[in-house]
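Trainee: from the sequence below, what's the structure:
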Amino acid sequence: MAGAAMLTPSFALASSKAAAEGGKSVEVMAQGVKFAPAIVFIDVGDTVEWSNMPSHNVETLDGMVPEGQEKIKTELGQNVAIQFDVEGIVCYKCTPHWGNRMGGIIVVGNPEDPAGVVDRYMEITLEMTQHLPARGLLKDLRAELEERGLA
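Mentor: Numbers count the residues shown, from 1 in each chain. Alright, predicted model coming up:
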């Protein structure tokens, strides 16, 4: 229970800080073994709030975050909010459900050469086979970038 007490204030602080600085908050909801939406585009300083997380967590994928982004690994079963202050593309997973490909991508700001970042992350999935489930998400991101004229 102490973990829940500790996460609740940080959840509120992250949301309040984003609001105070003009940032917005985007909700990502766990639905079964999927995050919805799986891909979000936010501005630097915005907050992502994960909800409906009774058996889920959020953990960034090694090598698949922008330089300067701190590793994220939340406690299982906690709703969380995290403010993103580093421009780039962040890939994450739900650790217990990664075998079901439960993961997501956050595009923060306007990263330089997003298509190149996707290509680099695809290579990482081959080098670090534990990241193979991210390939589908990365293909979806590539399609979304093309639709937005960013790739």
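
Trainee: surely Arg142 meets Ala115?
Mentor: Yes - judged on CB atoms under 8 Å, Arg142 makes contact with Ala115 at a distance of 6.9 Å. No exception for glycine: its C-beta is placed from N, CA and C like everyone else's.

Trainee: quick one: low-confidence ranges for the chain?
Mentor: Across the chain, the ranges flagged by pLDDT under 70 are 1-22.

Trainee: now do 50
Mentor: For the chain, the stretches with pLDDT under 50 are 1-19.

Trainee: all helices for it, in order.
Mentor: Ranges of helices within the chain are 2-20, 114-127, 134-147, based on DSSP state H.

Trainee: between Arg142 and Ala115, which one's more packed in?
Mentor: Arg142 (17 against 13; other CB atoms under 10 Å).

Trainee: which residues touch that one?
Mentor: By CB atoms under 8 Å, 6 or more residues apart in numbering, the contact list for Arg142 reads 115, 118, 151.

Trainee: which of those sits closest to Trp98?
Mentor: Val118 (19.4 Å; CB to CB).

Trainee: if I pick that closest one, what's in contact with it?
Mentor: Contacts of Val118 by CB under 8 Å, 6+ apart are 89, 138, 141-142, 145, 151.

Trainee: filter those residues to the buried ones?
Mentor: 89, 138, 141-142, 145, 151 (16 or more other CB atoms under 10 Å).
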